[in-house]
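In: Could you look at this predicted model? Sequence included:
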Amino acid sequence: MFLNIDKVRPYFPALSGKWTFFDNAGGSQTLKKVVDRISEFLLTTDVQLGASYEISQLAGERVALATQGMATLINAKSPKEVVMGPSTTMMLKILALCLSQTFTPGDEIIVTNCDHEANIGAWVALEKQGIKVKFWQIRPETLELHLEDLEMLISRRTKLVALTHASNILGTINPIKEIAKFVHERGGMICVDGVAYAPHRLVDVQDLDVDFYALSCYKVYGSHCALLYGKEEHLLSIPGLNHYFIEQTDIPYKFQLGNLNFELTYGMLGLCDYLSELAQLHYGNETAPELRNQMVQVFDLMSVHEEKISDRLLVYLNSQPKIRVIGQSIANRESRVPTISFVVEGVHSSTIPVKIDPHHIGIRYGDFYAKRLIESLGLANQGGIIRVSMVHYNTIEEVDGLIKAFEQVISG
């Protein structure tokens, strides 16, 4: 079975316009169902939670329902393990500030040089408290992280290893389950940035056995908010940042300064609605009865389609002598997502997207807040990389249109 793209695209109103969106890693297009949920909340239950009157009770039920939906999306054991907030950068900063209160000078944290800065800077900042930060470097010959290198860094003082699930530059999927097992066997915890992974593959925090996991909802077809997962035992033991009178057992609220955004959180139920409907449209009587399994069915279809459109673009890029793909050059849904980066020999990366703009195709160049990676690859002076980031609603025809534009701009 294949993803029926004609059934997918009507769910995204923006796709009916003249633009092709290939900058999805910066923010996907939003489902109408998400917008409808946000409107429903604001127009009928726009009140503070926790009061005795009926509308406040309904508002609370809606937010709780949405939080349960997000717990289902990542397969958390309980909604208590889901902390909704404004952005992944903010959520990781809050986590670092809270978790650091359990560390002592001389403790160690390991970060990578290939992450978005959100999952590096928050931890590097703890050096001011006497925490030692070590860098797990990707190997230049493979552009991948190797466990042998981590083994040389990790010690009995290592409290945490922070890394990305999928690189927002390379598109590479890291073997998080294997890494988590390795880290846990040595007494450490693991914090994963899933922002570049979650739009493409279904997250399963229990199977991965991660301690913390973060993602941005607005990059997963939803509203501009974020999700931080933490194992319940960790969230209970870590000091919160909320007001002094908020109980330390009150999770996730003790990490939600100023509370969570009610309407944007409720809007994420629209993503659950979409995935359930898509499963029914494709599988009919064979649709899984439970929402989580419906999500499994749909994301499997998505990954097959994304591999197909990735292959189309990568085959073209690999055929061009002036173009160098940064990352894996072969489409493989097991090892990469359809975030594809490249450079053109002798050409500053900033000059390419502006020439594609007149074709009504949105792509982008730069370091995408993975500045340390771009610098380590020696690409800073070239303006970083050119990135084409696709998702399941993109089509072969759109890829062919981009290739045609590249032919005029790069090969012409």
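Out: Sure thing, it's come through.

In: Tell me the spacing between Arg312 and Ser350.
Out: As judged by Cβ to Cβ, to the nearest Å, Arg312 and Ser350 stand 25 Å apart. Yep, even glycine has a C-beta here, placed from its N, CA and C like the rest.

In: who's more crowded, these two?
Out: Using other Cβ atoms under 10 Å, the more surrounded residue of Arg312 and Ser350 is Arg312, with 17 against 13.

In: Now the helix or strand where the more buried one lies: average pLDDT?
Out: Per DSSP states H and E, Arg312 falls inside helix 291-318. If you average the pLDDT over helix 291-318, you get 98.

In: What sits closest to the most centrally placed residue in the chain if chain neighbours are left out?
Out: In the chain, the residue lying closest to the centroid (Cα atoms, centre = their mean) is Val195, at 1.3 Å. Closest residue to Val195 apart from its sequence neighbours, by Cβ to Cβ, 6 or more residues apart in numbering: Ser216 at 4.9 Å.

In: Name the residues linked to the one you found by a beta bridge.
Out: The partner list for Ser216 in beta bridges (DSSP bridges) reads Ala226.

In: show me where the stretch 201-350 of the chain has strands.
Out: 212-216, 226-230, 323-326, 339-344 (DSSP state E, counting those that start in this stretch).

In: Need those in a markdown table (columns: mean neighbour count).
Out: Shown next, in a markdown table, are the strands of the stretch 201-350 of the chain (neighbours: other Cβ atoms under 10 Å):
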| stretch | mean neighbour count |
| --- | --- |
| strand 212-216 | 26 |
| strand 226-230 | 27 |
| strand 323-326 | 19 |
| strand 339-344 | 25 |
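
In: quick revisit: so which bits of the helix holding Arg312 are buried?
Out: Buried residues in helix 291-318, counting neighbours by 16 or more other Cβ atoms under 10 Å, are found at 291, 294-299, 301-303, 305-314, 316-317.

In: Helices of the stretch 251-400 of the chain, start to end?
Out: 262-267, 269-283, 291-318, 353-356, 371-376, 396-406 (DSSP state H, counting those that start in this stretch).

In: between the strands of the stretch 201-350 of the chain, which gets nearest to Gln248?
Out: Taking Cβ to Cβ, strand 226-230 is the member of the strands of the stretch 201-350 of the chain nearest to Gln248, at 13.8 Å.

In: which helices and strands does that closest one pack with?
Out: The contact analysis (3 or more Cβ pairs under 8 Å, 6 or more residues apart in numbering; DSSP states H and E) places strand 226-230 against helix 54-74, strand 82-85, helix 88-99, strand 212-216.

In: start to end distance for stretch 67-81?
Out: 10 Å (Cα to Cα, to the nearest Å).

In: pLDDT wise, what is Pro10 at?
Out: 98.

In: And it, how far from Arg157?
Out: 54 Å.

In: Compare those two and say which is more crowded by neighbours.
Out: Ranked by neighbour count (other Cβ under 10 Å), Pro10 and Arg157 place Arg157 first, with 15 against 10.

In: got the contact list for stretch 124-131?
Out: Under the criterion Cβ atoms under 8 Å, 6 or more residues apart in numbering, residues Ala96, Ser100, Phe103, Thr104, Pro105, Gly106, Asp107, Glu108, Ile109, Val111, Trp123, Val133 lie in contact with stretch 124-131.

In: Just the ones in helices from those, please.
Out: Among the contacts of stretch 124-131, the members falling in helices are Ala96, Trp123 (criterion: DSSP state H).

In: Can you lay out the contacts of stretch 124-131 as TSV showing pLDDT?
Out: Converted to TSV, the contacts of stretch 124-131 look like this (pLDDT from 0 to 100):
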residue	pLDDT
Ala96	98
Ser100	97
Phe103	97
Thr104	97
Pro105	97
Gly106	97
Asp107	98
Glu108	98
Ile109	98
Val111	98
Trp123	98
Val133	98
